[in-house]
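Visitor: no sequence for this one, just the structure:
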């Protein structure tokens, strides 16, 4: 699947995310042959904190063996592989699919227009400590978040926030915080991330409000680029388009989930 509509902008967004991942890793190991292991064994259930970064065109089967050796060697049941190069990801897509791996297609969207209409819900900028109970509740609303994984995911949140500037935005439903997102900022780039709403508070305009609030702060702070990501096959991308975000391109990741999370 061809995945770029704006090559340079897509690369900048992807590099921003990878730079953050590398900055919070407990260990970064050069495995040779253009493969880097990005590892945080202290939070082994956080898939996005433990993966292989591929920079050269090795066959997917060989990369999979390396993933088994490194991630499996640390007792991790998941496998996750990403590459910095869109063209290489395109080449590997079919090979990983033949191996039975899942292909994560993430749509990157850049803020380029005004929203179709403003938010109609009050939004609060809150500290990470205040946001944490809501974040936990949002995690637990997903069937794949286990009791063992939740505290590790929260710890990953804290590590991310210590490396890049992050701010949380929350909106209430029936008097209680029910929707939130966070804004990462670094070197003139802002990323709106972790947009979530509790199930019983959806379709009330809360997600619209928190995303618009985060995007406005990014603009006010002078970020020259503000972006957001979405599953390329899921409905939130339609909301983000209405909020002024245009598609930039698609990044691919290759993953095997543990059986209990499938």
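Guide: Okay, I see it. Small disclaimer: the values here were computed from a predicted structure and weren't measured. Residues are numbered from 1 along each chain as shown.
Visitor: next SSE after the least confident helix or strand in the chain by mean pLDDT?
Guide: The least trusted helix or strand in the chain, going by mean pLDDT, DSSP states H and E, turns out to be helix 128-140, with a mean of 86. For helix 128-140, the succeeding helix or strand toward the C-terminus, using DSSP states H and E, is helix 149-163.
Visitor: pLDDT averaged over the helix or strand following that next one, what's the number?
Guide: Per DSSP H and E, helix 149-163 leads on to strand 165-173 as the next helix or strand towards the C-terminus. On average, the pLDDT along strand 165-173 is 94.
Visitor: what's around residue 235, how many residues?
Guide: Counted with other CB atoms under 10 Å, residues neighbouring residue 235 total 8. In short, each C-beta sits where N, CA and C put it, glycine included.
Visitor: What is the burial count for residue 72?
Guide: Neighbour tally, residue 72, other CB under 10 Å: 13.
Visitor: next one: residue 233
Guide: Residue 233, neighbours per other CB under 10 Å, totals 8.
Visitor: for the one 4 residues further on, same thing?
Guide: Burial of residue 237, expressed as a neighbour count using other CB under 10 Å, amounts to 17.
Visitor: Check residue 47 too.
Guide: 22.
Visitor: One more: residue 141?
Guide: 13.
Visitor: show me what contacts it?
Guide: 196, 198-199 (CB atoms under 8 Å, 6 or more residues apart in numbering).
Visitor: give me the number of residues near residue 59?
Guide: Other residues near residue 59 come to 12 when the count uses other CB under 10 Å.
Visitor: Helix or strand: which one has the residue lying closest to it once chain neighbours are set aside?
Guide: Closest residue to residue 59 apart from its sequence neighbours, by CB to CB, 6 or more residues apart in numbering: residue 95 at 6.5 Å. Applying DSSP H and E as the criterion places residue 95 in helix 86-98.
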